[in-house]
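> Only the shape, not the letters, is given here:
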């Protein structure tokens, strides 16, 4: 097999044979990149807290953030939390400074590092978990890797494709392969480089045999990813490995003959793979006889060598891996312990300092209170003594009665004041005692917590001691393995004698095996190709069948339409004949001849116009349908050129959010026009008009006006939402895709009424709840946008929309009040009075709305300024107030109609006042419009109308006085659409990602080149070591037979040793230099990869045509993109031509089958000139096809290097010049040959 591959590689220079060492170096590079990816993914940004966010503290108590910032009681940044349970220390006030408000013992101030999101553990647990995870993840089991190598058959490895230039196959999608599925592997120790490696072909042959070598095979160099997680290495497994190594070294005589044959084959195959030249030697007959006698002993020794090599490499890798893991674990444990201790000590110190300060302040207050208490007590004793003296004097009669009573009252008052002061002092002392007890409890709790932390530190120290024990055990195992190295070197010299004879036999076997494997591969490849071709044929047949079926369906539809059209024309012709007969009879019966002649002409003309109009509408509808289908397909085709990032980031949702408000507004305008036509709404409501209408007509008018009110309200909110979306910032716009579902529901609600219009089912019985709900939800959407700091509409157009809503609301309220007045003519004087008030105030509101709107439409100066803040802030409350009045009046009107229907009062007259009031109160309670029990619903509605009327009058007065234009701010210019800003940012990120990718590729090439040079040096050193060992062996054998050759061999040995020493010194210096360069380049690569990940891990798609940020990659970008677009257009045109040709061929066959054959005239005799012209035209067509192929071959491909792209671009330009010259020459020849007399000869 190897000889065949070597011959194939000599015939094809681009093919390269990978050795085990090459694959192992690639595995090392995969390990480094996987470690870097895991480290980059493990890092997470610092949490930024915000107000009103649900969090929990270190004790697990949950609450809401109410304050973030610096405080007066301590330095630094503090976070104030309102706890759900009374486990806090204050009510948001510390040292008479209020930071927030909450209940007593619900407030708590903590540091920023003591706050965690809901559901997450504390910082100590997260650090411990991460440390344990990294430790367990880094100590991957060597047994699992060896078992996987055993279970991977050699045939599967032979069928895998050869690796690319970098050693690994690039992913087919163009994106970087995920690093989380790559198991890191340890690097090859330096001690292994001089030893022969076992071949990977020997692994599957030993599978299933009960030998001690099955658990320690090296992993085969396959591309199959290892499992994500492996079992951690245990001390017991390592001890068992050590025991197996000792047993295998002590019992070499138990090795079977098949194992010896497999080991010999594996050693020989490795020699053929490594291609180490073997120095030919001439041996005597005695040496050959001695070699035959020692054959059995050498086989045993070789098997022992193989076992010791495997165990040595296994233990070396395990030792290096465990050393790295132990260092990482110790470093992480040390860092975690230092971080935990530092944080905890800092927190405890700050807490103890705070508690100490609070305790000292409390003690000072307590001492002050005690001093005050003693002083007040002395004052009380003095007052009491004075009182006794005064009482004694009063008894003796020293003073008058009036003065004695006055002094007694004064003393009693002072006595009461002292008692009150004593009571307050006692309460203060009790509070201070309770605070002191709380502080004592807090100190005890902190001491307990400190003891727990000390225990945790002790546990970590114990764990570090266990790790030290494991490290000592591993060092002992490595020392035991080093003793076997000398035996390996001694047995290697004896093993070289048996290689010459086995090499010839092994080469023959390899040739036959290679031929068999190549034959099997060719059979499999032919089978795969045959299956693929059959699948393509089946798909082509299916497409042809689908096209035939579609053609038949279209023909059937055309036939049905023609039949229908013929029937319609026959019926029209019959009706026209009947109509003409009737007109003729009418002409005979009437005396007016002129009128009888004009009537049929007029009627025929009108019918003709209607018929033409119907046909025009039908054709326009079909054209619009075709246009819609073409646009849909066009959008699908354009989406194919979008990168994967367009679908992953849901950019389509952002586009839909921008389009939905405009779509809803257009539909609302359509509904507005249809409602006016449907219900024939007048411009104003008058009592005389409603008095003459029937009950059904009044219901339709009221329903139409309420419908118009809700439509205008929804239009106003929709325009505000559209403005907020179009003027949002990029950051705000990035979170607006959440509104797509809500806005889509509003669009569906409006579409529901449009469908009712189309079906002709909309009448006064259809509910208006969908429109009312849509208006409320649109207002909520606007509120959410305001909370996102999005721009709000501040132009005069918003006031105009509000005035339109007020106008429609005024007409709705006046219409409902007039209709109810007609139904309550005999209900007493009270009800008609306030119904008339409704009408009067509605008319005043309508008049004020018209007056206010007139200057807004005519005054350009007024329209150019921003709406005042007090007007803009007042519009939404007024809208809510007006909507309550209109919807309550409409609900009341519907309830009155339902009541009359149940009572059998079809004309709705003579409804008593009590019934009307009860219905009004019930509808108010059911809808929850006005909840005040002190004011009646009708009075609340009148108050709302008064409020709106006074506000409109104020606005009109301010406009007339010119207050809005004096010093007003101009309307700002229209900002760039957020979709454009988002697309520009996306293109910039893609360009940066592409530039970083090119830099990383360049660094990878440099690293690969350095590694190749290092590998060449290593192979050279290995070859020299092998030559040295062979020279020493020959010197030892020659000293026994020929004494004269000993001096020459000694000199040769000395020279080789000197050369080896010089090469070793050179190799050491060169390897140190190369390793430093590799480390430097790998660090630069990690930095670039981290920067690339921060930019975007998904911006590596090369299908997105973006404009690079630097000048290196933008030299010929536009020309290349235009060329690629031209190529794609030509390919599409060719595909369309092929489809048309296929359809034409199908139609031609159908016509040939159905129609009789045509008479074919004899062909005309062509001149030689015509044949020459045809030949020139065919040459021109071939040039066009060749040009298309060249354009497809040299299309823009960003995955290629810049030099190759420039080369392709230069080739395309050269070919374009040649093509223009050739095509121009051919066209000139055609023009010269195609004269008027040179075409045909008859």
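Arrived safely. In this text, all values refer to a predicted model and were calculated from it rather than measured experimentally. Numbering: from 1, shown residues only.
> Show me where the stretch 1001-1150 of the chain has its helices.
1044-1095, 1117-1154 (DSSP state H, counting those that start in this stretch).
> Could you list the low-pLDDT ranges of the stretch 151-300 of the chain?
Flagging of the stretch 151-300 of the chain using pLDDT under 70 yields the residue ranges 151-289.
> out of the helices of the stretch 1001-1150 of the chain, nearest to residue 337?
Minimum separation from residue 337 across these (CB to CB) falls at helix 1044-1095, 27.0 Å. From N, CA and C alone the C-beta is placed, and that goes for glycine too.
> on that earlier part again, compare the helices of the stretch 1001-1150 of the chain and give me the one nearest residue 706.
Residue 706 lies closest to helix 1117-1154 among the helices of the stretch 1001-1150 of the chain, at 54.1 Å (CB to CB).
> Show me what the closest one is packed against.
Packed against helix 1117-1154, as judged by 3 or more CB pairs under 8 Å, 6 or more residues apart in numbering; DSSP states H and E, are the following elements: helix 499-589, helix 1168-1193, helix 1202-1233.
> that older thread, Throw the helices of the stretch 1001-1150 of the chain into a markdown table and include mean neighbour count, thanks.
As requested, these are arranged in a markdown table below (neighbours: other CB atoms under 10 Å):
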| stretch | mean neighbour count |
| --- | --- |
| helix 1044-1095 | 13 |
| helix 1117-1154 | 12 |
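> any chance of those in JSON lines, with distance to residue 751 and mean pLDDT too?
Converted to JSON lines, those look like this (distance: least, CB to CB, whole Å; pLDDT from 0 to 100):
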{"stretch": "helix 1044-1095", "distance to residue 751": "42", "mean pLDDT": "74"}
{"stretch": "helix 1117-1154", "distance to residue 751": "35", "mean pLDDT": "71"}
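> Among those, which comes closest to residue 89?
Of all the helices of the stretch 1001-1150 of the chain, helix 1044-1095 comes closest under CB to CB, at 41.4 Å.
> other SSEs contacting the closest one?
helix 20-42, helix 978-1041.
> and those helices, which one's lowest on average pLDDT?
Lowest mean pLDDT within those: helix 20-42, at a mean of 45.
> what is the rounded mean pLDDT of whatever helix or strand comes next after that helix?
The helix or strand immediately downstream of helix 20-42 is strand 54-57, counting by DSSP states H and E. In this model, strand 54-57 has a mean pLDDT of 88.
> who touches the next helix or strand after strand 54-57?
Later in the chain than strand 54-57, the nearest helix or strand by DSSP H and E is strand 62-70. The contact list for strand 62-70 (CB atoms under 8 Å, 6 or more residues apart in numbering) reads 49-57, 76-84, 92, 99-100, 102, 106-109, 115, 118.
> which of those count as buried?
53, 55-57, 78-83, 92, 99-100, 102, 106-109, 115 (16 or more other CB atoms under 10 Å).
> Neighbours of residue 725, how many?
Neighbours of residue 725 under the rule other CB atoms under 10 Å: 27.
> So it sits against residue 657, correct?
Yes: using CB atoms under 8 Å, residue 725 is in contact with residue 657, at 6.2 Å.
> any shared contact partners between these two?
With CB under 8 Å, 6+ apart, residue 725 and residue 657 have common neighbours residue 736.
> Checking residue 932 next. Helix, strand or coil?
coil (DSSP: H, G, I helix; E, B strand; the rest coil).
> Could you list the buried residues of stretch 838-852?
Neighbour-count burial for stretch 838-852 flags 838-839, 841-846, 848-849, 851-852 (criterion: 16+ other CB under 10 Å).
> what about residue 940, neighbour count?
20.
> just residue 667 next, same as before
Using other CB under 10 Å, residue 667 has 20 other residues around it.
> Also the one 10 residues further on?
Around residue 677 there are 9 other residues, counting by other CB under 10 Å.
> and it, what pLDDT?
At residue 677, pLDDT is 84.
> try residue 408
Predicted confidence (pLDDT) for residue 408: 66.
> Likewise for the one 4 residues further on?
The predicted structure scores residue 412 at 75 on the pLDDT scale.
> Can you give me the distance of it to residue 383?
10 Å (CB to CB, to the nearest Å).
> related to what we said a few turns ago, same list, the buried residues of stretch 838-852, but as CSV with pLDDT please.
CSV is the format used below for the buried residues of stretch 838-852 (pLDDT from 0 to 100):
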residue, pLDDT
838, 87
839, 87
841, 89
842, 88
843, 88
844, 89
845, 90
846, 88
848, 89
849, 88
851, 88
852, 86
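> hmm, back to that, to residue 787, which of the helices and strands packed on helix 1117-1154 lies closest?
Closest of these to residue 787 is helix 1202-1233, at 48.8 Å (criterion: CB to CB).
> quick one, that closest one and helix 1168-1193 angle?
170 degrees (axes from the mean of the first three to the mean of the last three CA atoms, to 10 degrees).
> For helix 1202-1233, name the packing helices and strands.
helix 1117-1154, helix 1168-1193.
> Return the subset of the buried residues of stretch 838-852 lying in helices.
Among the buried residues of stretch 838-852, the ones falling in helices (DSSP state H) are 838-839, 841-846, 848-849, 851-852.
> which is the next helix or strand following the helix ranked longest in the chain?
Longest helix in the chain, counting residues (DSSP H): helix 295-396. Using DSSP H and E, the helix or strand that follows helix 295-396 in sequence is helix 401-495.
> any idea of the angle that next one forms with helix 978-1041?
40 degrees.
> Report how many residues lie close to residue 1175.
There are 11 residues near residue 1175, going by other CB under 10 Å.
> what pLDDT does it get?
Model confidence at residue 1175 (pLDDT) stands at 85.
> any idea how far residue 1230 is from it?
Residue 1175 sits at a distance of 10 Å from residue 1230 (criterion: CB to CB).
> same question, residue 1184
For residue 1184, the distance to residue 1230 - CB to CB - is 14 Å.
> which of these two has more neighbours?
Higher neighbour count among residue 1184 and residue 1230: residue 1230, with 16 against 13, using other CB under 10 Å.
> Name the nearest residue to that one, sequence neighbours excluded.
Closest residue in space to residue 1230, ignoring its immediate chain neighbours: residue 1176 at 5.3 Å, by CB to CB, 6 or more residues apart in numbering.
> Point out where the stretch 1-150 of the chain drops to low pLDDT.
Scanning the stretch 1-150 of the chain for pLDDT under 70 picks out the ranges 1-47, 119-150.
> if we go to 80?
Residues of the stretch 1-150 of the chain that meet the criterion pLDDT under 80 lie in 1-48, 75, 119-150.
> What residues does residue 464 make contact with?
Residue 464 makes contact with 330, 333, according to CB under 8 Å, 6+ apart.
> A strand includes residue 78, no?
Yes: counting by three-state DSSP, residue 78 is located in a strand.
> Now for it: which residues touch it?
Contacts of residue 78 by CB under 8 Å, 6+ apart are 67-71, 109-112.
> if we go to 7 Å?
Contact analysis of residue 78 by CB atoms under 7 Å, 6 or more residues apart in numbering lists 71, 109, 111.
> If you drop the residues flanking it in sequence, what lies closest to the second one?
With CB to CB, 6+ apart as the criterion, residue 109 has its nearest non-adjacent residue at 4.9 Å, and that residue is residue 78.
> so what's the one you found bridging to?
residue 69, residue 111 (DSSP bridges).
> domains for the chain, by residue range?
The chain breaks down by automatic domain parsing into domains covering 52-130, 603-640, 648-793, 795-976, 988-1095, 1117-1155+1163-1241.
> Tell me which of these sits nearest to residue 428.
With CB to CB as the yardstick, what comes closest out of the domains of the chain is domain 52-130 (15.6 Å).
> Settle it for me: which of residue 412 and residue 383 has more neighbours?
Taking neighbours as other CB under 10 Å, residue 412 and residue 383 compare with residue 383 leading, 15 against 11.
> surely that one meets residue 414?
Yes: using CB atoms under 7 Å, residue 383 makes contact with residue 414 at a distance of 5.8 Å.
> Quick check: neighbours shared by the two?
Taking CB under 7 Å, 6+ apart as the contact rule, residue 383 and residue 414 touch no residue in common.
> Whatever helix or strand residue 732 lives in - what's its average pLDDT?
Using DSSP H and E, residue 732 sits within helix 730-733. Per-region confidence: helix 730-733 scores 70 on mean pLDDT.
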